[in-house]
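Engineer: got a predicted structure plus its sequence, pasted below:
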Amino acid sequence: MIIGERLTCYIDSLDRGNTPFLDEIEKYALAHQIPVVRKSMQSLLKFLLAARNPERILEIGTAIGFSALLMCEYGPENSRITTIEKDGNRIALARENFRRAGKEAKITLLEGDAAEILQNLEGPYPMIFMDAAKGQYIHFLPDILRLMGPGSLLVSDNVLKDGDVIQSRFAVTRRNRTIHARMREYLYELKHRPQLETVVLPVGDGAALSVMRDCAVDLCCNAGQREEPSC
Ligand code: SAM
């Protein structure tokens, strides 16, 4: 927990809550050690959905469909969600949850490794929610950038790993050392790519919000300062 348990509990307690069906799936996931977005991230997602009204949403990391259903429930009426998952058991549960929620027509579940599936998708997606294996975000980034258009929003979850990304390399296991190094590289890229504007927030497990700049605006703002547009 990045900002302290008491403050997190207080902020979470202010939330209006979700639908009973979402509560049921969340309860099931937590009881079976299946990862789902934390309350504070749920709240951030709902806020972004209300602010941006994205009609097409891409999610990487479905698990059993909790966040896809949350985005479906709190996104615009006409939204369509494409979500990617590679774990067979979770895919079966997600499909069942989409069916029970009556959202099969709105949510497309693509089965397999996102590294391959992303290559065959066509953008732009106004909103992309990255919530898969943390060490792979950096490998997905070239495809993610291709799938974004001007104004597209990329939401990356778990980017601070409960604050562990800044732990000394000697204080973490070899596996986590690699994951943390890749995550730091990912955050560096998000902050330094000229076509992105990114803010890293200590929300939940750490969230990065990146927006794809509009080239025309970028050019206009920098008129006279450089010769070539960088995006
Ligand atoms: N977004 C979900 C939610 O809040 O309900 C939780 C997703 S969970 C944190 C991450 C999921 O990503 C896992 O179910 C895992 O199997 C899946 N995953 C990890 N790496 C993946 C990959 N390369 N391709 C597809 N799915 C992947």
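Structural biologist: Looks like it came in fine.
Engineer: is the ligand within reach of stretch 32-48?
Structural biologist: Yes - interface with the ligand: stretch 32-48 contributes 35-37 (Cβ under 6 Å from any ligand atom). Every C-beta, even on glycine, is put in place using the N, C-alpha and C of the backbone.
Engineer: most neighbours among those residues, which one?
Structural biologist: Val37 (25 neighbours; other Cβ atoms under 10 Å).
Engineer: residues in contact with it?
Structural biologist: Counting by Cβ atoms under 8 Å, 6 or more residues apart in numbering, Val37 touches 45, 66-67, 70, 131, 157, 204.
Engineer: then Glu59?
Structural biologist: Residues in contact with Glu59 (Cβ under 8 Å, 6+ apart) are 67-68, 71, 81-84, 128-129, 131.
Engineer: by contact count, what packs against the top helix by length along the chain?
Structural biologist: Secondary structure assigned by DSSP state H gives helix 174-192 as the longest helix of the chain. Helix 174-192 is packed against helix 137-146, strand 153-157, strand 196-201, strand 207-212, with contacts defined by 3 or more Cβ pairs under 8 Å, 6 or more residues apart in numbering; DSSP states H and E.
Engineer: dump these to JSON lines, plus distance to the ligand and mean neighbour count.
Structural biologist: Converted to JSON lines, the helices and strands packed on helix 174-192 look like this (distance: least, Cβ to the nearest ligand atom, whole Å; neighbours: other Cβ atoms under 10 Å):
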{"stretch": "helix 137-146", "distance to the ligand": "8", "mean neighbour count": "19"}
{"stretch": "strand 153-157", "distance to the ligand": "7", "mean neighbour count": "22"}
{"stretch": "strand 196-201", "distance to the ligand": "17", "mean neighbour count": "15"}
{"stretch": "strand 207-212", "distance to the ligand": "13", "mean neighbour count": "22"}
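Engineer: could I get these as TSV with distance to Asn18 and mean pLDDT?
Structural biologist: Output for these, formatted as TSV (distance: least, Cβ to Cβ, whole Å; pLDDT from 0 to 100):
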stretch	distance to Asn18	mean pLDDT
helix 137-146	26	98
strand 153-157	17	98
strand 196-201	21	97
strand 207-212	18	97
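Engineer: take these and lay them out in TSV including distance to Arg99.
Structural biologist: Output for these, formatted as TSV (distance: least, Cβ to Cβ, whole Å):
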stretch	distance to Arg99
helix 137-146	28
strand 153-157	25
strand 196-201	34
strand 207-212	30
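Engineer: one step back: can you pick the most crowded of the contacts of Glu59?
Structural biologist: Ala68 (29 neighbours).
Engineer: Asn97 and Thr62 touch, don't they?
Structural biologist: No - shown here, Asn97 and Thr62 do not form a contact pair, counting by Cβ atoms under 8 Å, at 9.7 Å.
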